[in-house]
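I'd like to go over a predicted model; first the sequence, then the structure.
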Amino acid sequence: MTAAPNLVNAPEFTVSELSSALKRTVEDRFGHVRVRGEISGFRGPHSSGHCYFALKDESAKIEAVIWKFAHARMRFKPQEGLEVIATGKLTTYPNSSKYQIVIDSLEPAGVGALMALMEERKKKLAAEGLFDEARKQLLPWLPEVIGVVTSPTGAVIRDILHRLEDRFPRRVLVWPVKVQGDGSAEQVAAAIRGFNALPEGGRIPRPDLLIVARGGGSLEDLWSFNEEIVVRAASESHIPLISAVGHETDITLIDFVADKRAPTPTAAAEMAVPVRSELFVEVQALARRTMVCWQRAQEARRTELRAAARALPAANELLAIPRQRLDHLAAGLPRGLKANTHAHFRRFAASSSRLTIGVLRGQVAHARQRLTASGERITLSARALLHRRRERFSGLEIRLKASKLANAKAQRNAIARDLERTHRLAERARRALLTTLQRLEARVAHRGQLLSALSYRGVLARGFALVRDAHGHALHSAAAVGPNADVSIEFADGRVAATTNADQPAATATPESQPKPQSQREAKPAAPKRVTKPVDQGSLF
C-alpha cells in the first residue's frame, strides 16, 4: 500500500518496448561469447535452412540457432550428442521470452557423455552377439494380432492404427507404457516380456508381431530405448519385433537388436501388413490367369484326344483275334470236361478200394483209445487246477481278513479325527456366528439411531408442522398455495385437513416484529372449514 503511490510517476512500458530493452541490454552486455556444451535436440536443418537445437551441460541448457548462411559456410557441422565450443552472439527471442545464442562457428570439443556411453554399451552388447543377423527372425507375412508398445496418449498409436486401417485392418493390442522419463525403460521391457508370456489360445490372444514405437525427440528423450534392460528384453523376444523409435535420423540400441527397424512408426505399420487392395488385385489377376491356363489345358487335352482317337484302330479289328481264340476254346471244352470227369472217377475208385471194414474198425479203436487218454488227462488237470485255486483263495481269504481289520481300524481312527475336527469347527462357527450377530445388531442399532436423527418426524416433534397439497406434495412457500386450496397439515401426533382462505390477507413478517410462539403461529391461519381425519404416514420426499 505504501509502495504504490511512489510508482505513480514511473514510466510505462509496453511489452514490446520492455522486450526490446531487455534484448539491447543482453546484446550490449555480453556481445560475442564462446560457450562449451553438448548439442541436444538437433534434427538437422529446418525446411527454411536454419538449425535449431540446445547446448547443455550437467545443470543448465541454453537454446541455440544457426542461420542458413552461417550453416552453409561452416566446415564442422553440428551433430546430436557432440560436445562443441560455439562462438556467437547472445540475444533474446521476444516471442517466447527466452534468451538464446546465435552461433557463427563451431569447434568440436569431444564426444558427448551420452554418446560415449551409448557407444560403449553398443560395443559390449555387440560382443555378446545380440546384434547378429543370425538371431533375427522373419516377420510374418500377414499377422492376425499385432502388439504395440507405446504411449496410449501420443500421436504415434493413432498414426499406426490409421495406417493399418488403410492397408489391411488387423486386431491391435496396445500395452500402454511411458516412453521417456524415470521408469520408462522398465515399463517397455516389461511390456515386451508380457506379450511373450501370453499363452497360445488364451483369453487374451498372443500377438504374432510386436511394434515398439515412439515419436521423435532429443537423445535424452530417446535414452530409455538405449537402456540395457530394453535391449535384452527385445533380444529375448520369441515374437518378431519391429523397432520404430524416433525419426529416420534417430538411432537407438533397440534398432540394432530388433528383427526389423522402421524409420518412423508409420513405416512400421507399412512393414507389418501388406496392402489389402493390392492383394485383391493380385488375387483377381491370378484367378484370371488360372482360368486362362485351365481353358488352354482343356483345349490341349481335347486336341490330343481327337488325335489319339484318329490313331486308334477300329473295334472290330481289335476284337477279331480274341473272338477267334474264344471260338477255338469253346470247341475243345466238351472233350476237356469229359476227360476231367474220367480222371476224377478213377481217383474216387482207387480211394474206395482202400476203405475196408477192418481198417475202419482199427481207426475207431485208435480214436477211442486217444479219447480215453485225453479224458483222464483232463480229469487230472482239473483236479490239480482246483487244488491250486483252493489254496490261492485260502491265502486271499487270510489277507482279506487282515486287510479288513486294518482298514476298519484306520476308518475308526479317521472318523474319530473327523469328529474332533467337526466339533472344533462347530465351536468356531458358533463363536463366529455370535460375533457376527453382535456386529450386525450393533450396526442395526446404529442405523436406527441415524435414521431417527435424520427423520423429519424429529423436526415435527419439536413443534413444527409439514404442509402438503391435495396431491401429497410438500409446500415450501406461501406463493405455492392458491385460494380455497385443499391442504393437509401434519403434526407430530397426526394429520389434519384444511382449506386455505383467500379473503384474509397473508401476514407478512417485519424486521421490528418479534417471533411469536409456535402455538400462536399455528393457530393464526385458522380456516372456516376444517375436518380432522386420520391419514397414513406419508413420505417426506
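Sure, I can see it.

can you count the residues close to Ala21?
11 (other C-beta atoms under 10 Å). Glycine gets a C-beta too; all of them are placed from N, C-alpha and C.

Report the secondary structure element holding it.
helix 15-30 (DSSP states H and E).

So what touches that helix?
Residues from elsewhere that reach helix 15-30 (C-beta atoms under 8 Å, 6 or more residues apart in numbering): 13, 89-92, 94, 97, 99.

which residues does the closest residue to Val35 other than its chain neighbours contact?
Distance criterion C-beta to C-beta, 6 or more residues apart in numbering; nearest residue to Val35, sequence neighbours excluded, is Ala86 at 5.0 Å. Contact analysis of Ala86 by C-beta under 8 Å, 6+ apart lists 34-37, 55, 64, 101, 103, 105-107.

Which ones among the residues you listed lie within strands?
Among the contacts of Ala86, the members found in strands (DSSP state E) are 34-37, 55, 64, 101, 103, 105-107.

from the residues you listed, which single one is nearest Thr500?
Ala64 (84.1 Å; C-beta to C-beta).

Test my guess that the closest one contacts Phe53.
Yes: counting by C-beta atoms under 8 Å, Ala64 does reach Phe53; the two are 5.6 Å apart.

All the strands of the stretch 401-541 of the chain, residue numbers only.
For the stretch 401-541 of the chain, the strands defined by DSSP state E, counting those that start in this stretch cover 466-468, 486-491, 494-499, 530-531.

and the ones you listed as a markdown table, adding mean neighbour count, distance to Val292 and mean pLDDT?
Formatted as a markdown table, the strands of the stretch 401-541 of the chain follow (neighbours: other C-beta atoms under 10 Å; distance: least, C-beta to C-beta, whole Å; pLDDT from 0 to 100):
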| stretch | mean neighbour count | distance to Val292 | mean pLDDT |
| --- | --- | --- | --- |
| strand 466-468 | 17 | 90 | 88 |
| strand 486-491 | 17 | 94 | 87 |
| strand 494-499 | 16 | 96 | 88 |
| strand 530-531 | 10 | 102 | 43 |
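
Can you add distance to Leu209 and give the ones you listed back as TSV?
Formatted as TSV, the strands of the stretch 401-541 of the chain follow (distance: least, C-beta to C-beta, whole Å):
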stretch	distance to Leu209
strand 466-468	70
strand 486-491	73
strand 494-499	76
strand 530-531	84
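
one step back: looking at Ala64 and Phe53, which one has more neighbours?
Ala64 (26 against 20).

Quick one: residues contacting that one.
52-55, 86, 88, 100-103.

Which strand residues bridge it?
Using DSSP bridges, the bridge partners assigned to Ala64 are Phe53, Ile101.

so what's it scoring on pLDDT?
pLDDT recorded at Ala64 is 93.

do the one 5 residues further on as well
Phe69 is assigned 89 on the pLDDT scale.

give me the element it is part of.
Going by DSSP H and E, Phe69 is in helix 68-73.

immediately after that helix, which helix or strand?
Heading C-terminal from helix 68-73 (DSSP H and E), you reach strand 82-93.

how far is that next one from where the chain is centred?
Put simply, strand 82-93 sits 48 Å off its chain's centre (C-alpha atoms, centre = their mean, to the nearest Å).

what inclination does that strand have with respect to helix 15-30?
130 degrees (axes from the mean of the first three to the mean of the last three C-alpha atoms, to 10 degrees).

Kindly format the C-alpha coordinates of strand 82-93 as CSV.
C-alpha atoms of strand 82-93 as CSV (Å, rounded to 0.1, in the frame of the first residue of the first chain):
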residue,chain,number,x,y,z
LEU,A,82,28.6,-34.0,-29.7
GLU,A,83,30.3,-31.7,-27.2
VAL,A,84,31.3,-28.5,-29.0
ILE,A,85,32.6,-25.0,-28.4
ALA,A,86,30.2,-22.5,-30.0
THR,A,87,31.1,-18.9,-30.8
GLY,A,88,28.3,-16.5,-31.3
LYS,A,89,26.2,-13.6,-30.1
LEU,A,90,23.9,-13.8,-27.1
THR,A,91,20.5,-12.4,-27.7
THR,A,92,16.8,-12.8,-26.7
TYR,A,93,13.7,-14.1,-28.6
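
ok, back up a step: and the contacts of Ala86, which is closest to Arg158?
Looking across the contacts of Ala86 and measuring by C-beta to C-beta, the closest to Arg158 is Ala64, at 32.0 Å.

gap between the closest one and Asp221?
17 Å (C-beta to C-beta, to the nearest Å).

again, but for Leu279
38 Å.

between those two, who's got more neighbours?
For Leu279 versus Asp221, the count of surrounding residues by other C-beta under 10 Å is larger for Asp221: 19 against 14.

show me what contacts that one?
Gln180.

That one sits in which helix or strand?
Asp221 belongs to no helix or strand, assigned by DSSP H and E.

how close does the closest residue to Gly129 other than its chain neighbours get to Arg361?
Ranked by C-beta to C-beta, 6+ apart and with sequence neighbours excluded, the top spatial neighbour of Gly129 is Arg135, at 7.1 Å. Taking C-beta to C-beta as the measure, Arg135 and Arg361 are separated by 95 Å.

what does Leu425 give?
90 Å.

same deal with Gly463?
Applying C-beta to C-beta, the value for Gly463 to Arg361 is 140 Å.

Which of these two has more residues huddled nearby?
Using other C-beta under 10 Å as the criterion, Gly463 and Arg361 rank with Gly463 on top: 13 against 10.

residue ranges of the helices in the stretch 351-500 of the chain, please?
357-454, 456-461 (DSSP state H, counting those that start in this stretch).

Run through who's touching the shortest one.
Around helix 456-461, the neighbours that count as contacts under C-beta under 8 Å, 6+ apart are 452, 466, 490-492, 540.

average model confidence for it?
79.

and if you look at stretch 361-374?
Stretch 361-374 comes out at a mean pLDDT of 89.

so for the helix or strand where Asn316 lies, what's the average pLDDT?
Using DSSP H and E, Asn316 sits in helix 315-354. Across helix 315-354, pLDDT averages out at 83.

How about stretch 278-295?
Here stretch 278-295 scores 92 as its mean pLDDT.

Can you give me the buried ones in it?
Within stretch 278-295, no residue is scored as buried using 16 or more other C-beta atoms under 10 Å.

Please compute how far it lies from its chain's middle.
For stretch 278-295, the distance to the chain centre is 38 Å (C-alpha atoms, centre = their mean).

May I have that stretch exported as CSV, CA atoms only?
C-alpha atoms of stretch 278-295 as CSV (Å, rounded to 0.1, in the frame of the first residue of the first chain):
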residue,chain,number,x,y,z
GLU,A,278,-3.2,-54.8,-53.9
LEU,A,279,-3.8,-58.3,-52.7
PHE,A,280,-7.3,-58.2,-54.1
VAL,A,281,-5.9,-57.1,-57.5
GLU,A,282,-3.2,-59.8,-57.4
VAL,A,283,-5.7,-62.5,-56.4
GLN,A,284,-8.0,-61.4,-59.2
ALA,A,285,-5.1,-61.4,-61.7
LEU,A,286,-4.1,-64.9,-60.5
ALA,A,287,-7.7,-66.1,-60.8
ARG,A,288,-7.9,-64.8,-64.4
ARG,A,289,-4.5,-66.4,-65.2
THR,A,290,-5.7,-69.7,-63.6
MET,A,291,-8.9,-69.7,-65.6
VAL,A,292,-7.0,-69.0,-68.9
CYS,A,293,-4.4,-71.7,-68.1
TRP,A,294,-7.2,-74.2,-67.3
GLN,A,295,-9.0,-73.4,-70.6
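
Identify the residues contacting it?
Phe168.

pLDDT at the residue nearest to Val35, what is it?
90.

Let me see the ranges of the strands in the stretch 101-250 of the chain.
For the stretch 101-250 of the chain, strands defined by DSSP E, counting those that start in this stretch occupy the ranges 145-150, 171-176, 209-214, 241-245.

State the number of residues packed around Gln369.
As a burial measure, Gln369 scores 10 neighbours (other C-beta under 10 Å).
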